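J.: generate coordinates for the sequence data below:
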Amino acid sequence: MSTLLYDNPMLLDSVRHADLRLKDLNDLSFAAHTNTIPINLVEFPLIARHYPIGFVGEGKDATPMAIVGLGKENLFIDEKGQWKPGVYIPAYVRRYPFIFGAGNDPNQLSLCIEDSPNVLTKVGGKPLFEDGKPSDATERALEFCRSFHNAALSTEPFAKALHGADLLTERQANAELNGGGAFVLKGFKSIDEAKLRKVTAKTLGQWNEKNWLTPIFASIQSTLNWSNLVDLMAERNKAAVN
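T.: Sure, this is the predicted structure:
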């Protein structure tokens, strides 16, 4: 199993991981080499304060993403692996190094952990198991992953509804930096305001009952954050030259 930000997630096992401990992950460099991060519906208002929101993927399977870079790098993580202060960190990143995966029963999700020397240690850190039972740290991770999974499930019908109403339009972001350099970001969609204005009052009423209008407007508002990415890219380029 492999997924965004994870290279080697393994099922958490009380035997395999009995003597292993979780390092304090203050370095977020694992999220430094991506320009998009999956987000859930409940996060839209917070995401819209700092990042453009785009939908990535085909048709009804388009996934909402926080766009964190214009190139291949996350512009919100510095060379020390620290996220930009005061900026909301998506739950997908905060969930790391844990993630849900399918166990022996494909209908049952099990807690997995990134099996890496950067994550696990035999000395220091927090235990994963105590007396053969999940530690407090593992229990908290399980609860967080469960909440994240439920939020992801509630996000899927929202994205499918936007696709079904033909509101997602292919976009392209172009940026020219002061001092030289141009960037083009493709492969994402955003909500088309003109088409949104044509949605019937009945449909809008149904969406309102599902609390979908707030994330819709947050997604539209988030387009104001493209200039933030341009400024961050310009700062990074300037620092690289100096």
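
J.: regarding this structure, what is its longest helix?
T.: helix 136-164 (DSSP state H).

J.: helices or strands up against that helix?
T.: Where contact means 3 or more CB pairs under 8 Å, 6 or more residues apart in numbering; DSSP states H and E, helix 136-164 is packed against strand 63-67, helix 91-95, strand 98-102, strand 109-114. For the C-beta atoms, the positions are set from N, CA and C on the backbone; glycine is no exception.

J.: so residue 17 touches residue 111, yeah?
T.: No. The pair residue 17 and residue 111 does not pass the contact test of CB atoms under 8 Å, sitting 10.6 Å apart.

J.: who's sitting farthest from the centroid in the protein?
T.: Within the chain, residue 131 marks the point farthest from the mean C-alpha position, 34.1 Å out by CA atoms, centre = their mean.

J.: how far away is that residue from residue 14?
T.: Using CB to CB, to the nearest Å, we find residue 131 at a distance of 10 Å from residue 14.

J.: so where is the chain shaky, pLDDT-wise?
T.: 1-2, 103-107, 177-181, 240-242 (pLDDT under 70).

J.: can you do 90?
T.: Scanning the chain for pLDDT under 90 picks out the ranges 1-3, 24-26, 57-61, 70-72, 101-109, 124, 172-187, 227, 230-231, 233-242.

J.: where exactly do the strands run in it?
T.: 9-11, 21-22, 36-38, 53-56, 63-67, 98-102, 109-114, 120-121, 126-127, 129-130, 133-134, 168-176, 182-191 (DSSP state E).

J.: reformat those strands as JSON lines; add distance to residue 231.
T.: Putting the strands of the chain into JSON lines (distance: least, CB to CB, whole Å) gives the following:
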{"stretch": "strand 9-11", "distance to residue 231": "35"}
{"stretch": "strand 21-22", "distance to residue 231": "36"}
{"stretch": "strand 36-38", "distance to residue 231": "19"}
{"stretch": "strand 53-56", "distance to residue 231": "18"}
{"stretch": "strand 63-67", "distance to residue 231": "14"}
{"stretch": "strand 98-102", "distance to residue 231": "32"}
{"stretch": "strand 109-114", "distance to residue 231": "32"}
{"stretch": "strand 120-121", "distance to residue 231": "38"}
{"stretch": "strand 126-127", "distance to residue 231": "38"}
{"stretch": "strand 129-130", "distance to residue 231": "46"}
{"stretch": "strand 133-134", "distance to residue 231": "44"}
{"stretch": "strand 168-176", "distance to residue 231": "10"}
{"stretch": "strand 182-191", "distance to residue 231": "13"}
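
J.: many thanks, have a good one.
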